[in-house]
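Engineer: the following comprises the amino acid sequence and a computationally predicted model.
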Amino acid sequence: MKSTMVVACFALFAPALFGQQPAPSPAPAQPQQVHANSLGFSYSLPADWDVSENNPSPAEVREQWQKAATSDAEKRGINCIQTALTAKHAPPVSMVVVVALPSDCLGSQVTEKDLPGFGQSASESLTQTFELSGSVYGTYTLGVHNFWIERTRAVLQGQPEVQYTVETVCTAIKKGAVCWMALAGDDAALATFEHGAVTLDGDAQPALVPTTAFEKQPLP
């Protein structure tokens, strides 16, 4: 089941962003919209983000993932992936995708040691569209939940002026695993992603990503 969930959902980013060029556009504070999922988590974004919940992955994309799978476990993971939320904001063009992998569908409990596998292949899925550099990693804890995080810079191929920060955050919950992924066109979009309030198995936290997220490095 390794990295399939994150690879799959990052594949949805690129088509929506081709030809989009970011330009600074400060926005006033917005009321929050809270999006809850039946697996036991919620996530909040400002009201001016265009959010869709529970979007199925396109059939042709899912077929590509199945062909790329190298084990029966990965194939099961592909069939179990739930795109819990997709959100867009512009300008500059930015996206957030939240995906979940239910344990009851997968047939096994997701553990902390599985989290790096969910995230580390995300970069591989972006290299056909972006030039990537400067990846950094971290681990942190919110309440009783341990998180894995990666941040990297992405430049759209052929358009060096189009630059993004890609950030991936994953954790295990009682009913599976969840990954939040951002393709942020500016610092404000990245801050919005990180500052979104979350609830995990009933435990409310004021922000998805704390300021100390990169102080502790993942174990090799």
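Structural biologist: Good, I have the coordinates.

Engineer: show me what the residue nearest the centre of the chain is bridged to.
Structural biologist: Residue closest to the average C-alpha location in the chain (Cα atoms, centre = their mean): residue 181, at 1.7 Å. Taking DSSP bridges as the rule, residue 181 bridges to residue 97, residue 168.

Engineer: got phi/psi on residue 194?
Structural biologist: Main-chain dihedrals, residue 194, degrees, to the nearest 10: phi -70, psi -30.

Engineer: contacting residues for the closest residue to it other than its chain neighbours?
Structural biologist: Once flanking residues are discounted, residue 194 sits nearest to residue 209: 3.7 Å by Cβ to Cβ, 6 or more residues apart in numbering. Just so you know, the C-beta spots here come from the backbone N, C-alpha and C atoms, and that holds for glycine as well. Shown in contact with residue 209 (Cβ atoms under 8 Å, 6 or more residues apart in numbering): 140, 149, 167, 169, 193, 194, 195.

Engineer: how about the helices in the protein?
Structural biologist: 4-10, 13-17, 59-68, 72-80, 103-106, 115-120, 122-126, 187-195 (DSSP state H).

Engineer: circling back: which of the contacts of residue 209 lies closest to residue 81?
Structural biologist: residue 169 (16.7 Å; Cβ to Cβ).

Engineer: which residues touch residue 42?
Structural biologist: So residue 42 contacts 34, 35, 36, 197, 198, 199 (Cβ under 8 Å, 6+ apart).

Engineer: what's the neighbour count on the second one?
Structural biologist: Right, residue 35. Number of residues near residue 35 (other Cβ atoms under 10 Å) recorded here: 18.
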